[in-house]
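*Asks:* what's the 3D shape of this:
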Amino acid sequence: MTKDVMDAIRERRSIRHFAPDSVDEFTVGRILEAGASAPSAGNIQPWTFYAVFRQDIKDRLSKAAYAQESLISAPVVIVVCALPEDTAARYGERGRSLYCLQDTAAATQNILLAAEAFGLGSCWVGAFEETAVAAALGCARGERPVALVPLGFSAGEKPQPPARYDLSRTVKILH
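*Replies:* Numbers count the residues shown, from 1 in each chain. This next block holds a predicted model:
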């Protein structure tokens, strides 16, 4: 049973410690479907998703990400790659340097929320060497890794909600 989207948004936390239980490919497929359902500039969908189950590749991803252990222990790691030239073909430099990154960020957020809805833990990892990740995956020319998402059942980790600014500080309403 999946969660209501607002519950998933409120309850999602970065999980970095995973139980050894596997995640079935059907569930991973549904999570990837959520990523692929994200909005994108001009509906170009400038992304490739890698679902990494192989331990040797997860080891290489961890090494590329400054030895982040969650990438080794997670049963699966989803790597979100941008296709900057696909967006640049329509929107030029702004598409290459901004729109494709916004699009893959939306896809990554959908992946995180879908994982939460399915009762799985995940974490958005952005600290990594792009060229090393691309090499580990055998990325096609033009694919730019932008997010690593270790995914699995939490090993009991239950982080407290982080402090958030009051909306009065962050929201400006113009009538």
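*Asks:* please, which helix or strand holds Ala88?
*Replies:* helix 84-94 (DSSP states H and E).
*Asks:* quick one: average pLDDT of that helix?
*Replies:* Per-region confidence: helix 84-94 scores 98 on mean pLDDT.
*Asks:* the longest helix seen in the chain packs against which elements?
*Replies:* Looking across the chain with DSSP state H, the single longest helix is helix 100-117. Counting contacts by 3 or more CB pairs under 8 Å, 6 or more residues apart in numbering; DSSP states H and E, helix 100-117 packs against helix 5-11, helix 25-36, strand 47-52, strand 76-82, helix 84-94, strand 121-122, strand 144-152. Yep, even glycine has a C-beta here, placed from its N, CA and C like the rest.
*Asks:* looking at those, which is buried most?
*Replies:* strand 121-122 (a mean of 28; mean count of other CB atoms under 10 Å).
*Asks:* run through who's touching that strand.
*Replies:* Outside strand 121-122, the residues within contact range by CB atoms under 8 Å, 6 or more residues apart in numbering are 12-15, 18, 111-112, 115-116, 149-154, 157.
*Asks:* top of these by number of neighbours, please.
*Replies:* Pro150 (31 neighbours; other CB atoms under 10 Å).
*Asks:* in the sheet, who's paired with that one?
*Replies:* Val77 (DSSP bridges).
*Asks:* just checking, what packs against the helix or strand of the chain with the lowest mean pLDDT?
*Replies:* Least confident helix or strand of the chain, by mean pLDDT, DSSP states H and E, is helix 5-11 with a mean of 89. On a contact count with 3+ CB pairs under 8 Å, 6+ apart, helix 5-11 meets helix 100-117.
*Asks:* could you give the number of residues near the nearest residue to Pro39 once chain neighbours are set aside?
*Replies:* The shortest distance from Pro39 to any non-neighbouring residue, by CB to CB, 6 or more residues apart in numbering, is to Ala106 (5.8 Å). Using other CB under 10 Å, Ala106 is surrounded by 16 other residues.
*Asks:* and the gap between Ala106 and Ala38?
*Replies:* Using CB to CB, to the nearest Å, one gets 4 Å for the distance from Ala106 to Ala38.
*Asks:* tell me which residues touch the most centrally placed residue in the chain, please.
*Replies:* Taking CA atoms, centre = their mean, the centroid of the chain lies closest to Thr108, which sits 3.6 Å from it. Contacts for Thr108 were tallied using CB under 8 Å, 6+ apart; they are 35, 80, 124, 146-147, 149.
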